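K.L.:
Next comes the sequence, and after it the predicted model I'd like to discuss.
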Amino acid sequence: MQIIQSRRHFLAGVGSVGAAGFLGTTTEAQAEQPPETTSIRLAKLPAICMAPQYAAKELLHAEGFTEVRYVAVELGDATTKSIAAGEVDFSLNYAGNLIVPMDLGVPITVVAGVHTGCFELFGSEGIHRITDLKGRTVGVPSIGSGPHLFLASMAAYVGLDPVRDINWVASPSIKPKELFVEGKIDAFLGLPPDPQGLRDRKIGHVIVNSAVDRPWSQYFRCLLAGRREFVDKHPIATKRILRAILKAADLCVAEPKRVAPSQMERTGASSMKLKRELKT
């Protein structure tokens, strides 16, 4: 973690130059063996945390991949299933959406952690710490989803029983944020841009920000996972893919405005929404 943060502080102070030269990828790539395959398929998801995956396209070209394709898949554990089914080769995903399937024998391999958390736990009046969630209603997209697994882990960490002490509300048609705004639930775990929107509207308050609050800020939230067969058969290609995405993550931190167009192009995100997310 200290190495990654130091690299990001360094990159943040570097002037604007070409992406490949800026990150030194071309020199490194030329000095090594070429990848076993020159084709790579990455997941295409409408989420801001996937930005390094999209920003890596030019870096992947510099690593020797002539064909870089983005395949549309669903969020959460559906992304993991797409990797295991061979629909995509690699993707970033929330740790919980990878660990649980791996424990069940799903053929995926986690290559590395890429960035820390962006979840923010919002609570209503009277809720100021995680332990205050005991006996309260908490909204999640679905039971077993990334937000549910993360918040259940947080609750267990402070001594609560996630099954008995918390009343989970999972609606297939109404988002947790909407239920929270309407006062139908007491708390929910939000992803950008929901937390930013609630702060603008002065609704609720933040109990935990996983990007800055310990110990949650000390753990990777999103990991890079690959199809096990690909990783086993193509170790050099895997190394080059990982290097490109890690450097793209640093580029997102150092120069977010540069990577915004690629994010908009590949996710269809609106300009105003993306600018708000990048500011945070």
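P.N.:
In hand now; what should we look at?
K.L.:
residue ranges of the strands in the stretch 1-150 of the chain, please?
P.N.:
In the stretch 1-150 of the chain, the strands defined using DSSP state E, counting those that start in this stretch lie at 39-44, 67-72, 90-94, 108-116, 120-123, 137-140.
K.L.:
May I see the buried residues of the fourth one?
P.N.:
Okay, so that is strand 108-116. Ile108, Thr109, Val110, Val111, Gly113, Val114, His115, Thr116 (16 or more other Cβ atoms under 10 Å). C-beta: built from backbone N, CA, C; applies to glycine.
K.L.:
Looking at these, which one is closest to Arg199?
P.N.:
Here the nearest of those to Arg199, counting by Cβ to Cβ, is Thr116; it sits at 19.9 Å.
K.L.:
What residues are bridge-paired with the closest one?
P.N.:
On the basis of DSSP bridges, Thr116 is bridged to Phe220.
K.L.:
Could you look up the SS state of Cys222?
P.N.:
strand (DSSP: H, G, I helix; E, B strand; the rest coil).
K.L.:
Return the distance of the residue lying closest to Val231 once chain neighbours are set aside relative to Ile127.
P.N.:
Among residues not flanking Val231 along the chain, Thr109 sits closest, at 4.5 Å (Cβ to Cβ, 6 or more residues apart in numbering). As judged by Cβ to Cβ, to the nearest Å, Thr109 and Ile127 stand 39 Å apart.
K.L.:
ok, back up a step: show me which of the strands of the stretch 1-150 of the chain has the highest average neighbour count.
P.N.:
Stretch with highest mean neighbour count among these: strand 90-94 (a mean of 27; mean count of other Cβ atoms under 10 Å).
K.L.:
ok, residues contacting it?
P.N.:
Strand 90-94 is contacted from outside by 40-43, 45, 49-50, 52-53, 73, 76, 79-80, 82-83, 111, 114, 146, 149-150, 221-227, 230, 241, 245, using Cβ atoms under 8 Å, 6 or more residues apart in numbering.
K.L.:
and if you look at stretch 199-209?
P.N.:
For stretch 199-209, the surrounding residues in contact (Cβ under 8 Å, 6+ apart) are 119-124, 127-130, 132, 154, 180-181, 187, 195, 198, 216-217.
K.L.:
If we use 10 Å, what do you get?
P.N.:
Here stretch 199-209 makes contact (Cβ atoms under 10 Å, 6 or more residues apart in numbering) with 117-125, 127-130, 132-133, 151, 154, 177, 180-181, 183, 186-190, 193, 195, 197-198, 212-213, 216-217, 276, 280.
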